[in-house]
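**Q** Give me coordinates for this.
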Amino acid sequence: MPARPSSPAPAPAPTPVSVLGLGMMGSALASAFLRAGHPVTVWNRSPAKTGPLVAQGALPAATPADAVAASPLVVLCLLTNDNVDEVLDGLDGGAVAGKTLVNLTNGTPEQARALSARATALGARYVDGGIMAVPQMIASPAAYVLYSGDEEAYETHRSTLAVLGGTRWTGTDPGLAALYDLGLLTGMYGMFTGVVQALALVRTENIGAEEYAELLVPWMTAMLGGVPEIARAVDSGSHLTDVSSLAVSQAAFPNFLSTFRAQGVSTELFEPFQALLDRAVEEGYAGDGASRMVELLIKR
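**A** Okay, here's the model as predicted:
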């Protein structure tokens, strides 16, 4: 008698998730977990913010302790890491034991390491994260999240965390996700610094900002193509260039500052860059490229 074909193993039940903090980002995270079929418990300091998520199927928790107790995976997305500390202050010693805490609150590497040590002492596993997306991008192909800390806990819950977007592991040092995050945001804020300065400059002559952006965007995009070359020079320590030396930049930069002043635009964003160029040339790096400035910025 032929053997009956075996039935496929049932798919594992979706992992319950608790989300603490329901600002725009926290609400987007909770909503993504709900859409993916995960049982979700939510808590917020202002209970009214739980309403829209409860309407989507989330369970409200009256206290952080109730939220933590509801799920093996606890995602924190609060305003600051001081708020994360306050949540931990309100939990008794056994409340987080055996739980995985994934902290997606923006913070510093030092804060992440301190929170990891504290969570570990309480018997929890700690994963720190940096969200590289705005709330509207969560769960889209454009979003990704940086993670670091307890690698075993990360791998255990990776498929659940992937609901939010791509996952990028940065290492077992809990502070690395925050470091990567702040580095990427540094690049973003540096770019926006140039954007707002350029638009302020052209607006002094009543040039439309939207019109000017049609030139600014492709120009900046083209310049970003040089970043890998700068990075290679930083890694190799070979900073000489045949493109544009620091001496050339130093000679040209006063034109920016004088034009800003003449047009009635503040120089406060750009004066520090002039000072760094001056120091680079004074210290003998006139023939080097922009990569040398990376070394000059690091305080040994």
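**Q** C-alpha only now, for contacts and for neighbours.
**A** Fine.
**Q** Would you agree residue 137 is in contact with residue 145?
**A** No - under the criterion of Cα atoms under 8 Å, residue 137 is not in contact with residue 145, lying 11.4 Å apart.
**Q** In this protein, where is pLDDT below threshold?
**A** Counting by pLDDT under 70, the chain contains low-confidence residues at 1-11, 300.
**Q** Which stretches in it count as strands?
**A** Taking DSSP state E as the criterion, the chain contains strands spanning 17-20, 40-43, 59-60, 73-76, 100-103, 125-132, 144-149, 166-171.
**Q** Which one, of these, ends up nearest to residue 83?
**A** strand 73-76 (9.7 Å; Cα to Cα).
**Q** CSV please, covering the strands of the chain and showing distance to residue 220.
**A** Formatted as CSV, the strands of the chain follow (distance: least, Cα to Cα, whole Å):
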stretch, distance to residue 220
strand 17-20, 38
strand 40-43, 41
strand 59-60, 46
strand 73-76, 35
strand 100-103, 34
strand 125-132, 21
strand 144-149, 23
strand 166-171, 26
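**Q** so which of these comes closest to residue 224?
**A** Taking Cα to Cα, strand 125-132 is the member of the strands of the chain nearest to residue 224, at 18.5 Å.
**Q** so what does the closest one touch, helix or strand wise?
**A** strand 100-103, helix 109-121, strand 144-149, helix 151-161, helix 176-203 (3 or more Cα pairs under 8 Å, 6 or more residues apart in numbering; DSSP states H and E).
**Q** Format these as TSV; extra columns: distance to residue 43 and mean neighbour count.
**A** What follows is these, written out as TSV (distance: least, Cα to Cα, whole Å; neighbours: other Cα atoms under 10 Å):
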stretch	distance to residue 43	mean neighbour count
strand 100-103	15	25
helix 109-121	19	19
strand 144-149	22	24
helix 151-161	19	17
helix 176-203	24	16
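**Q** Would you reformat these as CSV and include distance to residue 50?
**A** CSV is the format used below for those (distance: least, Cα to Cα, whole Å):
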stretch, distance to residue 50
strand 100-103, 19
helix 109-121, 26
strand 144-149, 24
helix 151-161, 21
helix 176-203, 28
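**Q** Nearest to residue 52, out of those?
**A** Residue 52 sits nearest to helix 151-161 of all the helices and strands packed on strand 125-132, at 21.7 Å, using Cα to Cα.
**Q** Identify all contacting residues around the closest one.
**A** Helix 151-161 is contacted by residues 14, 15, 33, 73, 100, 125, 126, 127, 147, 167, 171, 172 when judged by Cα atoms under 8 Å, 6 or more residues apart in numbering.
**Q** Output it as CSV, restricted to C-alpha atoms.
**A** What follows is helix 151-161, C-alpha atoms only, in CSV (Å, rounded to 0.1, in the frame of the first residue of the first chain):
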residue,chain,number,x,y,z
GLU,A,151,23.3,38.6,17.8
GLU,A,152,21.4,35.5,18.8
ALA,A,153,18.4,37.6,19.8
TYR,A,154,18.6,39.5,16.5
GLU,A,155,18.7,36.3,14.5
THR,A,156,15.8,34.8,16.5
HIS,A,157,13.6,37.8,15.7
ARG,A,158,15.1,38.8,12.3
SER,A,159,12.1,37.7,10.3
THR,A,160,9.7,39.6,12.5
LEU,A,161,11.9,42.8,12.4
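**Q** angle of that helix against strand 125-132?
**A** Taking axes from the mean of the first three to the mean of the last three Cα atoms, to 10 degrees, helix 151-161 and strand 125-132 form an angle of 50 degrees between their directions.
**Q** Helix 151-161 vs strand 166-171, what angle?
**A** Angle between the axes of helix 151-161 and strand 166-171 is 170 degrees (criterion: the same axes, to 10 degrees).
**Q** Now for residue 137 and residue 145: what residues contact both?
**A** Between them, residue 137 and residue 145 share no contacting residue under Cα under 8 Å, 6+ apart.
**Q** how about the closest residue in space to residue 22 that isn't next to it in sequence, what does it touch?
**A** Leaving aside its chain neighbours, residue 22 sits nearest to residue 44 (5.6 Å; criterion: Cα to Cα, 6 or more residues apart in numbering). When contacts are counted by Cα under 8 Å, 6+ apart, residue 44 touches 20, 21, 22, 50.
**Q** Go again with 10 Å.
**A** 19-23, 26-27, 50, 60-64, 67, 77-78 (Cα atoms under 10 Å, 6 or more residues apart in numbering).
**Q** What is the end-to-end distance of stretch 117-128?
**A** In terms of Cα to Cα, to the nearest Å, the two terminal residues of stretch 117-128 are separated by 12 Å.
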